[in-house]
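Chemist: Provided below are the primary sequence and the corresponding predicted coordinates.
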Amino acid sequence: MSAAGTCVAFLAVIGLAACATFEPLSQPPAPASVATATSKSSAEELIAYLARIRGMGEGALAAEAARQKREASDLARVKAALALSLTAQSEEGDILALVEAPARKENIDADVLAVASFVQALATERRRLKESAAATAVRLRDERRAHEAQKQRAETLQQKLDALTELEKSLSDRQVPSR
């Protein structure tokens, strides 16, 4: 084969290869729903995350919350707040600090906003219940002290009454001397 024939054959192969790599314009673009169907929505991701951490112990939940806190996204902050909300020892202030910013944002995924608002309400209610329980414990302690004081006073009064009864009995047992 001559050099010109090789060059023509080479250009023909390149031309055919170029035509094969481009899709014709007549095909419609792939629907967007196919792309989103393969990726999870943030709601699905949060539900799956909650299902995964639900059975964890206190230590594992604290470690998971710390891991999520290292990420800067709103979704990670909400995940950290979810993990903390499942531990009995966590502080409500820590939970509220995590969800406060995402709950106030306007340009945030609606699912993340909904869960952030829910966790915020949950932490606020949890704080209110703890404060109410503490106030009730103080009230019960004060009532118990008052009851003990009343019981002590009743015992003291009973002793005095018994002493007076004995005195009256001893005086009536004495014979009155006649004059």
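Modeler: Received the coordinates, thanks.

Chemist: Can you name every helix or strand that the lengthiest helix in the chain contacts?
Modeler: If you go by DSSP state H, the chain has its longest helix at helix 110-173. Applying 3 or more C-beta pairs under 8 Å, 6 or more residues apart in numbering; DSSP states H and E, we find helix 110-173 packed against helix 42-53, helix 74-85, helix 92-104. Heads up, the C-betas are built off the backbone N, CA and C, glycines and all.

Chemist: List the buried residues for the helix or strand following the first one?
Modeler: Think helix 42-53. Sequence order places helix 58-69 as the next helix or strand after helix 42-53, per DSSP states H and E. Residues of helix 58-69 classed as buried by neighbour count (16 or more other C-beta atoms under 10 Å): 61-62, 64-65, 68-69.

Chemist: need these in a markdown table with pLDDT and distance to residue 48, can you?
Modeler: Below are those laid out as a markdown table (pLDDT from 0 to 100; distance: C-beta to C-beta, whole Å):
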| residue | pLDDT | distance to residue 48 |
| --- | --- | --- |
| 61 | 91 | 16 |
| 62 | 90 | 20 |
| 64 | 90 | 14 |
| 65 | 91 | 17 |
| 68 | 91 | 14 |
| 69 | 89 | 19 |
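
Chemist: List of residues touching stretch 42-55?
Modeler: Applying C-beta atoms under 8 Å, 6 or more residues apart in numbering, the contact partners of stretch 42-55 are 40, 60-61, 64, 75, 78-79, 82-83, 86, 109, 111-112, 114-115.

Chemist: Going by neighbour count, which residues in that stretch are buried?
Modeler: Under the neighbour-count criterion of 16+ other C-beta under 10 Å, stretch 42-55 has 42, 46, 49, 53 buried.

Chemist: do the same with stretch 89-103
Modeler: 90, 92, 94-96, 98-99, 102-103.

Chemist: Stretch 165-178 - what's its average pLDDT?
Modeler: Averaging pLDDT along stretch 165-178 yields 80.

Chemist: how far out from the middle of the chain is it?
Modeler: On the basis of C-alpha atoms, centre = their mean, to the nearest Å, stretch 165-178 sits 76 Å off its chain's mean C-alpha point.

Chemist: Show me what counts as buried in that stretch.
Modeler: Going through stretch 165-178 with 16+ other C-beta under 10 Å, nothing comes out buried.

Chemist: Using PDB, write down the CA coordinates of it.
Modeler: Once non-C-alpha atoms are left out, stretch 165-178 reads as follows in PDB (Å, rounded to 0.1, in the frame of the first residue of the first chain):
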ATOM      1  CA  THR A 165     -52.100  12.400 131.300                       C
ATOM      2  CA  GLU A 166     -49.700  10.700 133.700                       C
ATOM      3  CA  LEU A 167     -49.500  13.900 135.800                       C
ATOM      4  CA  GLU A 168     -53.300  14.100 135.900                       C
ATOM      5  CA  LYS A 169     -53.600  10.500 136.800                       C
ATOM      6  CA  SER A 170     -51.000  10.800 139.600                       C
ATOM      7  CA  LEU A 171     -52.800  13.800 141.000                       C
ATOM      8  CA  SER A 172     -56.200  12.100 141.000                       C
ATOM      9  CA  ASP A 173     -54.700   9.000 142.600                       C
ATOM     10  CA  ARG A 174     -53.500  11.200 145.500                       C
ATOM     11  CA  GLN A 175     -56.000  11.500 148.100                       C
ATOM     12  CA  VAL A 176     -57.200  14.900 149.000                       C
ATOM     13  CA  PRO A 177     -56.500  15.500 152.700                       C
ATOM     14  CA  SER A 178     -59.500  16.500 154.600                       C
END
